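Asker: how would this look folded up:
(2 chains)
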Amino acid sequence: MKRSDFIALISAMALTVLGQVHADQKTDHQGGHAAHKQTDQMHQEHAMHGEDAQHQAMQPTGQGAIASDYVAKFAGQAEGKQVLVANVEGMVCDFCARGVEKTFQKQVAVRDIQVDLAKGVILLAYDSGYTIDKQAVARGVLDNGLNLVGVEVLEF
Amino acid sequence: MTSFWALLRSVNYALMIPPMGIKQHAVIWWTLLLLGLPTLAVPRPISYVGGHTLMAESGAMFQRMYWHYTPGRRYSLGFSMRHNRMHDETDAMARVAYLVNRRNTRNTQRNLYLKSGVALDNSDNHFISIAGDWESRRLFGSAAWTRVSDGHARYNDLSVQLGVAPYLGEYGDLHTWLMLKSKRDYRLDRRVTYPVVRLFKNSAFVEVGYHQDARLDIHLMYRF
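Answerer: As a prediction, the model looks like this:
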C-alpha cells in the first residue's frame, strides 16, 4: 500500500468516525426517547391506580415482570432506597459488565450496583426521593456498547 | 523526542539481551506490567467510553505493549511499542480502532471493527485490519484479516480464534475459555494452529497459547 493510499484510508476512517458521532447523538436521542417512553408508560400506569408520585412505591414481588426475589435481596441491602432495574442486551461477558459497573460508579447518585450476567439485568440503587435521570442511565448503558431494552424503578 | 524513542528502544533492547531465554523475557515483561498496575483485561479493541486498556503480548514473532483509550462509543485511540523478533527492531506505533457495526441480542454480541496503525518514525511500517467477533456466554469466535507492511515485506494475514466456555461463571467469578487459534507464522512461513487457554476475572485477562514451533503465545490485558 502506498503512503498516499494509507493517508486516504485514515482520512476516510476519520470522516466515518465524525459521521458516526452524529449518528450516536441521534441514537442518544432515541435512547432517551425510549427512556421517556418507559417513564411515560409508568406514569400512565400509576395514574390509572390514582398514583401521582413519579416513582410510586411498589412491592418487591408480584409487581412487574422484572421484579423478583433477587431484586428484593438487592433491595434488602439497599433498604430505604429506590432500585432501578435495567434490562439490557449484549451483556455476554464479565468485561462488559465490569465496564457498566465502572461507568455507574462514577455517578455520585448511584449508591450500589449489581449486575446479573445470566439475566442481562443491571440493578442501580439510589436514595429515596432522588429523581432518577433515565436518559443518563440509557447513555451509560449505550456507552458500554449495550442496548437498554427495559427500565423499571422500584421503591423499598 | 528522538532521545525519548532512543531511550525506549534501549529499554526494549535491554530486555532482549541474547543470553536471556524466553522465560526470562516473559518474567521481566509481565513483572513490569504487574508492578505498574493494581491488577490486570479486555479482548475487544474498544472499551467503554472513558476507559483505558493496557495490553502486553509476547509471541514467537513479536513482543508488544499496547495502550488504548476509548473517547467515544465507536472508536479508540492507542499507542504501542513493538519488538519485531525476526528483524530485531523496535517500533512505536499510533493506532486507531473503529467499531463499524455491533449487534446485541439478549444472549449474544457481534462486532465488526476496522483497525489501523502506523509507525511514528516510518510510514512504510503500518497495517490495516478488518476484524469481527461473535460471542455468547458459552461460545466465542473471531476472525481478522490484516494487511501488513512492516518496512521489510508486505503481506496479508488471516487469523481465526474459536472458543468454548466449559462452565458459565457468574459476574466476578473466574471465567475460563478453551480455544483454538490459527494464524500465519512468518518466522516459520506457514500457518500454525494451537490451543489457547483464556482466563479472566474482574479486570484481569490472561491468554496463553502454546505451539511446539511457535512457542508460547501470551496475551495479558488490564482495563481501567
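Asker: where does chain B have its least confident helix or strand?
Answerer: helix B:2-14 (a mean of 42; mean pLDDT, DSSP states H and E).
Asker: Compute the distance between the closest residue to residue B:152 other than its chain neighbours and residue B:151, please.
Answerer: Closest residue to residue B:152 apart from its sequence neighbours, by Cβ to Cβ, 6 or more residues apart in numbering or on different chains: residue B:87 at 6.0 Å. C-beta here means a position set from N, CA and C on the backbone, and glycine is covered the same way. For residue B:87, the distance to residue B:151 (Cβ to Cβ, to the nearest Å) stands at 8 Å.
Asker: pLDDT value on the residue nearest to residue B:152, please?
Answerer: Per-residue confidence at residue B:87 stands at 84 (pLDDT).
Asker: Likewise for the one 3 residues further on?
Answerer: The per-residue pLDDT reported for residue B:90 equals 91.
Asker: The one 3 residues further on too?
Answerer: Per-residue confidence for residue B:93 comes out at a pLDDT of 94.
Asker: Please list all residues in contact with it.
Answerer: Residue B:93 makes contacts with B:79, B:80, B:81, B:82, B:117, B:118, B:119, B:120, B:125, B:126, as judged by Cβ atoms under 8 Å, 6 or more residues apart in numbering or on different chains.
Asker: of the residues you listed, buried ones?
Answerer: Neighbour-count burial (16 or more other Cβ atoms under 10 Å in any protein chain shown) is assigned, among the contacts of residue B:93, to B:80, B:81, B:82, B:117, B:118, B:119, B:125, B:126.
Asker: Now do the SS call for the last one.
Answerer: Using DSSP: H, G, I helix; E, B strand; the rest coil, the three-state assignment for residue B:126 comes out as strand.
Asker: Would you agree it is in contact with residue B:154?
Answerer: No - assessed by Cβ atoms under 8 Å, residue B:126 is found out of contact with residue B:154, at 9.9 Å.
Asker: If we ignore the residues flanking it in sequence, what's nearest residue B:51?
Answerer: Leaving aside its sequence neighbours, residue B:51 sits nearest to residue B:70 (Cβ to Cβ, 6+ apart; 5.1 Å).
Asker: Next one: residue B:158 from residue B:146, what distance?
Answerer: Distance from residue B:158 to residue B:146, by Cβ to Cβ: 8 Å.
Asker: Of the two, which one has the most company?
Answerer: More crowded of residue B:158 and residue B:146, by other Cβ atoms under 10 Å in any protein chain shown: residue B:146, with 18 against 12.
Asker: so what pLDDT did that one get?
Answerer: For residue B:146, pLDDT reads 94.
Asker: Return the set of residues that bridge with it.
Answerer: In this entry, residue B:146 is beta-bridged to residue B:129, residue B:157, by DSSP bridges.
Asker: residue contacts, it?
Answerer: Residue B:146 neighbours (Cβ under 8 Å, 6+ apart): B:127, B:128, B:129, B:156, B:157, B:158, B:159.
Asker: cool, and residue B:97?
Answerer: Applying Cβ under 8 Å, 6+ apart, the residues near residue B:97 are B:45, B:46, B:68, B:75, B:76, B:78, B:113, B:114, B:115, B:116.
Asker: ok, the first one touching residue B:131?
Answerer: Read that as residue B:45. Yes - in this structure residue B:45 lies within contact range of residue B:131 using Cβ under 8 Å: 7.3 Å.
Asker: wait, residue B:160 sits on residue B:142?
Answerer: Yes - counting by Cβ under 8 Å, residue B:160 does reach residue B:142; the two are 7.2 Å apart.
Asker: So which of the two has more stuff around it?
Answerer: It is residue B:142, of residue B:160 and residue B:142, that has more neighbours when counted by other Cβ under 10 Å, with 20 against 14.
Asker: Now do the helix or strand hosting the more buried one: distance to the chain's middle.
Answerer: Using DSSP states H and E, residue B:142 sits in strand B:139-150. Mean C-alpha position of strand B:139-150 versus that of the full chain (Cα atoms, centre = their mean, to the nearest Å) differs by 11 Å.
Asker: Can you classify residue B:95 by secondary structure?
Answerer: strand.
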